[in-house]
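Engineer: Have a look at this fold, sequence not included:
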């Protein structure tokens, strides 16, 4: 599938630097007719004739560069731009297009130079600034996705999705499918989003964010087995992502895999000992396994931290014959504003901070969690 850039054509209103022969001008007009009709293949022979008749016909070179660009002939487009770069003043939009060509040709240093020239001409040229930031930060993303990601940041989700389908076949990779999933999710097309995330992990089974999104979406559909599989994989791929530890533990609980719940949430609480909702969920898991003493420890900690469900249960009076059932919670699974999904509702909301522990209490909470998990593994 051909790749289409949003090219800004100045050539139709530009003043010609040199007088052209009538024959060259006639060929140019024929090319412009075909170009406007998007018949780029038909426009190129006329442009070649125009520059053969008038080698200094720089507007013809520029139109030929754009025609080759539209056809995906990056190198030929660059050749034509090179013939005019040092001989004709270009505006910021032309330099922006040249930068996109260099990105497509994987010449990022030259691309950066072109985008900077665009901003020198127009310091407020936001699209060029965005490309400069991407190149200077050196993100590990498919360069063909730059425009689509820019549209995502602008919340132009349908336009961004359309842009991903304009990417050339040779540039398709796991990230392309992943971003299509992101756009579809934002457009509330969850089933289609799952299909794209699935393609991403088929392409690259180590794509952690695709696994995470699959886990969250399956959880929302109450497909807990699939949710746990993907979230556990995502957490293994991103061991420093604490929220994924929490999400894997929560999905394991709903799946009825309580020992896995305990393992994941214990790891999470080592990093976040004040995670009051996690303490409550851990108490619920211990309760399901009939480890009432351990359940009580975490229920008490959760209540001490101000978690409403734990406080309510403690006020009712702890009864070892009454399970601590987290599935009856009225909390809803949600996702963050950005790309990453999370099931951790309580720990995200600023208004849900609750009480703070002293350093001594934090140390004791960590010790209790570690000791409880060790006992559970021995008994399990």
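Structural biologist: Now that the structure is in, tell me what you want to look at. Keep in mind that what you see is a predicted model, and the values were worked out from it rather than measured. Residues are numbered from 1 along each chain as shown.
Engineer: How about the helix or strand containing residue 31, which residues are buried there?
Structural biologist: Residue 31 belongs to helix 22-36 when assigned by DSSP states H and E. Residues 24-25, 27-28, 30-32, 34-35 are the ones in helix 22-36 that count as buried (16 or more other C-beta atoms under 10 Å). (C-beta placed from N, C-alpha, C; glycine too.)
Engineer: again with stretch 279-292
Structural biologist: 279-289, 291-292.
Engineer: Out of those residues, which comes closest to residue 45?
Structural biologist: residue 281 (69.1 Å; C-beta to C-beta).
Engineer: okay, and for the stretch 51-200 of the chain, where does confidence drop off?
Structural biologist: Applying pLDDT under 70 to the stretch 51-200 of the chain flags residues 137-141.
Engineer: all strands of it, in order?
Structural biologist: For the stretch 51-200 of the chain, no strands are identified by DSSP state E, counting those that start in this stretch.
Engineer: Next up, the contacts around residue 129.
Structural biologist: 115, 119 (C-beta atoms under 8 Å, 6 or more residues apart in numbering).
Engineer: mind running it again at 6 Å?
Structural biologist: For residue 129, the contact set (C-beta atoms under 6 Å, 6 or more residues apart in numbering) is empty.
Engineer: How about residue 302?
Structural biologist: Counting by C-beta under 6 Å, 6+ apart, residue 302 touches 276, 279-280, 310.
Engineer: What of residue 205?
Structural biologist: Counting by C-beta under 6 Å, 6+ apart, residue 205 has no contacts.
Engineer: May I see the buried residues of helix 22-36 arranged in CSV, with distance to residue 250 and pLDDT as well?
Structural biologist: Below are these laid out as CSV (distance: C-beta to C-beta, whole Å; pLDDT from 0 to 100):
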residue, distance to residue 250, pLDDT
24, 70, 86
25, 70, 88
27, 68, 89
28, 65, 90
30, 66, 91
31, 62, 88
32, 61, 89
34, 59, 89
35, 56, 90
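Engineer: any idea which of the buried residues of stretch 279-292 is closest to residue 198?
Structural biologist: When the buried residues of stretch 279-292 are compared against residue 198 (criterion: C-beta to C-beta), the nearest one is residue 281, at 28.1 Å.
Engineer: Give me the phi and psi for that closest one.
Structural biologist: phi -70, psi -40 (degrees, to the nearest 10).
Engineer: Kindly state the pLDDT recorded for it?
Structural biologist: Residue 281 carries a pLDDT value of 90.
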